[in-house]
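Asker: Predicted structure and sequence below. I'll ask about it afterward.
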Amino acid sequence: MAAAPPPLGKYLGEIRALGALASFLWSGAGAAADAYLPRGDGHPVIVYPGLLGSDLTTQALRSRLAGLGYEVHGWGLGQNLGLKPDTLSEIRSQLVAVTRAAGRPASLFGWSLGGLFAREVAKRRPDCVRLVITAGTPCMGDLHATNAWRTYERLNRHAIDDPPIDIDLETLPPVPVTSIYSEEDGIVSPGCADIGCGARHETIRVDSTHIGLVWSAEVLAIAADRLAQVEGEWAPYTTDGAGHAASPL
């Protein structure tokens, strides 16, 4: 795995995320915007924001997922400022409450750092989790291979590789996991988000900036496909020959 963060050119290229947001909002306008995507079965989906993000950041994605027929929840903890001693206990309490109310497990979508939270809570309460989808989540190799670790450490009283609770980032939860990454990511080195492929886990490449992953029609198409699988069944995502998500964008 590469130990270096993305180069300056890609980091500066994150400004393109503003265009991605505009495009995502425009493409979501109209009743038939996502008619080509599979419909949901109404099960709950919880979306976790990345570092410095909040439920406002993920609102557009959550709205599109709700439009597909899911019971969609934000994480409800304000701005994501990093892993605090009580963060996982709070999101675990929300997960338990959501699944008890729904009477069935929830799927978890985590963008960037939010994906780490999704993975970790799925390890602690796999009985409450149907599957996990992460986008641009650094979970493998050297966590300094990002352009965000200094910001993270300024916001927290611990080093990025010395969290305040006992966690093993590279261990996968015992539920299906889809990790989405981009070679154009200017924040997280692509290798940090590559979990490989196996019996119940997969890595999928898309074309996006890091920030734009949460406003990507390609990511939405992958999430819709993964979420629409029958509960208890899982198969790898089908891509075209180039390894891109096969969706009519």
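Answerer: Right, received. Where do you want to start? It should be emphasised that the depicted structure is a prediction, and the values quoted were computed from it without experimental measurement.

Asker: low pLDDT regions in the chain?
Answerer: Residue ranges of the chain with pLDDT under 70: 1-3, 30-31, 239-249.

Asker: which residues in it form helices?
Answerer: Taking DSSP state H as the criterion, the chain carries its helices at 8-12, 17-27, 59-67, 87-102, 113-124, 149-155, 217-227.

Asker: wait, which of those helices is closest to G40?
Answerer: helix 217-227 (6.0 Å; Cβ to Cβ). C-beta coordinates here come from the backbone N, C-alpha and C atoms, glycine included.

Asker: got the angle for the closest one vs helix 59-67?
Answerer: 40 degrees (axes from the mean of the first three to the mean of the last three Cα atoms, to 10 degrees).

Asker: Can you spell out which helices and strands pack onto helix 217-227?
Answerer: Judged by 3 or more Cβ pairs under 8 Å, 6 or more residues apart in numbering; DSSP states H and E, the packing partners of helix 217-227 are helix 17-27, helix 59-67, strand 106-111, strand 129-135, strand 177-182, strand 201-206.

Asker: who's in contact with the fifth one?
Answerer: Contacts of strand 177-182 with the rest of the structure, by Cβ atoms under 8 Å, 6 or more residues apart in numbering, involve 115, 119, 122, 131-137, 139, 188, 190, 193-195, 200-210, 213, 219, 222, 226, 237.

Asker: that older thread, could you redo the helices of the chain as JSON lines and give each row distance to Y36 and mean neighbour count?
Answerer: Shown next, in JSON lines, are the helices of the chain (distance: least, Cβ to Cβ, whole Å; neighbours: other Cβ atoms under 10 Å):
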{"stretch": "helix 8-12", "distance to Y36": "30", "mean neighbour count": "13"}
{"stretch": "helix 17-27", "distance to Y36": "11", "mean neighbour count": "15"}
{"stretch": "helix 59-67", "distance to Y36": "12", "mean neighbour count": "18"}
{"stretch": "helix 87-102", "distance to Y36": "27", "mean neighbour count": "16"}
{"stretch": "helix 113-124", "distance to Y36": "26", "mean neighbour count": "25"}
{"stretch": "helix 149-155", "distance to Y36": "37", "mean neighbour count": "15"}
{"stretch": "helix 217-227", "distance to Y36": "8", "mean neighbour count": "23"}
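
Asker: Present those helices as CSV; the columns should include distance to L81.
Answerer: As requested, the helices of the chain are exported to CSV (distance: least, Cβ to Cβ, whole Å):
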stretch, distance to L81
helix 8-12, 21
helix 17-27, 20
helix 59-67, 19
helix 87-102, 9
helix 113-124, 10
helix 149-155, 5
helix 217-227, 24
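
Asker: closest one to G76 among those helices?
Answerer: Comparing the helices of the chain under Cβ to Cβ, the one sitting nearest is helix 87-102, at 6.4 Å.

Asker: can you list contacts of the closest one?
Answerer: Outside helix 87-102, the residues that reach it (Cβ under 8 Å, 6+ apart) are 43-44, 46, 48, 71, 73, 75-77, 105-106, 108, 117, 120-121, 124-125, 128-129, 165.

Asker: Write the PyMOL selection for whichever of the residues you listed are buried.
Answerer: The PyMOL command for the buried members of the contacts of helix 87-102 (criterion: 16 or more other Cβ atoms under 10 Å) is given here:
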select buried, resi 43+44+46+48+71+73+75+77+105+106+108+117+120+121+124+125+128+129
